[in-house]
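> based on what follows, work out the 3D shape:
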Amino acid sequence: MNSSLFQIVSNDAIAKNTYRLEILGDAKALKGPGQFINIRIDGMFLRRPISVCTSDRKERITVIYKTVGKGTEALSRMKPGDKLDVLTGLGNSYDLSSSGDKPLLIGGGAGVPPLFWLAEELVKDGKTVRAVLGFNTKEEVFLADDFERLGCEVTVVTVDGSLGRKGFVTDYILRPYTYFYCCGPEPMLKAVYRTVSGSGEFSFEERMGCGFGACMGCSCRTVTGYKRICREGPVLKKEEILWKE
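Predicted coordinates for the structure are as follows:
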C-alpha cells in the first residue's frame with residue numbers, strides 16, 4: 001500500500017452518472033488487474049474505494065466511477081490539475097495464470113471497469129477473450145467499444161433491451177470457456193454463481209471503512225473463515241465463497 005498525491009489529467013462524463021478519471025502520480029504499488037485505489041475527498045470522513053480500470057503501473061491510473069452520493073458527486077466536479085490524496089496498491093488481483101486459452105469476462109455496471117485491465121493483460125498473453133457486459137439501459141453503457149478495440153468478442157446486455165441483447169448477463173453466458181472472471185453487484189454475482197460451470201473468480205463490490213483491513217467492516221464468509229474484501233479480496237475463487245442467505 002502506498003499513499004501519495006496524484007494530479008488529475010482528465011475527469012470526463014462517459015455515460016449516465018458515470019465518469020472516467022485519469023490521474024498521474026506514483027502508481028508503482030499496483031501489481032495487477034483487480035486491485036483498487038482509495039481516494040480522499042475534502043469534507044468527507046471516509047475515502048472512496050474505486051477499482052482500477054487500467055494502469056501502466058508506473059505513474060498513470062485510470063478509474064471509472066458512478067456518482068452515487070456526495071463524495072463521488074464532489075469528485076465529479078474536480079478539474080484537470082487538481083490534486084488528490086490516493087492510497088494505491090490495495091486488494092489482491094486476478095489470477096491470470098488460470099485463464100486458459102478462452103477466458104470469459106462477466107461484468108455488470110460499475111463492475112465492468114476492472115475487467116478492462118484484465119482483458120488488456122489477457123489479450124497481450126494471446127488469449128481469446130469474450131466479455132458479457134450488463135447494464136440497465138443504453139444510457140448507462142460504457143467501455144463496450146474499448147473492449148472491442150482490444151479484440152474481445154463483446155456481448156452487451158441491457159435489462160430493458162434498449163441496446164444489445166435484452167435481459168441479464170446470466171442469459172448470455174457464452175460456452176465453452178476455459179475460466180471465468182466476474183465483477184458486479186452481489187445479486188448479480190450470486191446469479192452468475194448459480195449459472196456458470198467450471199472454475200473462476202468473483203470480484204466483490206463492498207462498502208469499505210478503512211480500505212486496508214483494519215476495521216473488518218467488509219468481511220466475507222469463506223470455507224476457510226472470514227476474509228476482508230479490502231485485504232484478502234476483492235477477488236475470491238468460486239470454490240471458496242460461502243454466500244449469505
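
> could you use CA atoms for every contact and neighbour count after this?
Fine.

> residues of stretch 76-95 that come out buried?
76, 78, 83-95 (16 or more other C-alpha atoms under 10 Å).

> hang on, I meant stretch 115-129
Within stretch 115-129, the residues scored as buried using 16+ other C-alpha under 10 Å are 115-122, 127-129.

> cool, and stretch 237-245?
Applying 16+ other C-alpha under 10 Å to stretch 237-245 flags 237-238, 241 as buried.

> out of the buried residues of stretch 115-129, list just those in helices.
Mapping these onto helices (DSSP state H) picks out 115-122.

> save those residues as a markdown table, and put in distance to T72 and pLDDT too.
Output for these, formatted as a markdown table (distance: C-alpha to C-alpha, whole Å; pLDDT from 0 to 100):
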| residue | distance to T72 | pLDDT |
| --- | --- | --- |
| L115 | 21 | 98 |
| F116 | 21 | 98 |
| W117 | 22 | 98 |
| L118 | 24 | 98 |
| A119 | 26 | 98 |
| E120 | 26 | 98 |
| E121 | 28 | 98 |
| L122 | 30 | 98 |
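
> just checking, A131 is part of a strand?
Yes: counting by DSSP: H, G, I helix; E, B strand; the rest coil, A131 is located in a strand.

> just the mean pLDDT for the longest strand seen in the chain, thanks.
Secondary structure of the chain per DSSP state E: the longest strand is strand 2-15. In this model, strand 2-15 has a mean pLDDT of 94.

> parallel or antiparallel, list what pairs with that strand.
Strand 2-15 sits in its sheet next to strand 18-24 (antiparallel), strand 83-90 (antiparallel), going by DSSP bridges.

> for the spatially most central residue of the chain, what are its contacts?
By C-alpha atoms, centre = their mean, the chain has its centre lying nearest to P114, at 3.1 Å. Shown in contact with P114 (C-alpha atoms under 8 Å, 6 or more residues apart in numbering): 33-35, 51-54, 183.

> repeat that with 10 Å
32-36, 50-54, 63-64, 93-94, 107, 182-184, 203 (C-alpha atoms under 10 Å, 6 or more residues apart in numbering).

> per-residue pLDDT, Y172?
At Y172, pLDDT is 96.

> I'd guessed it sits against R165; true?
Yes: in terms of C-alpha atoms under 10 Å, Y172 counts as a neighbour of R165; the distance is 8.5 Å.
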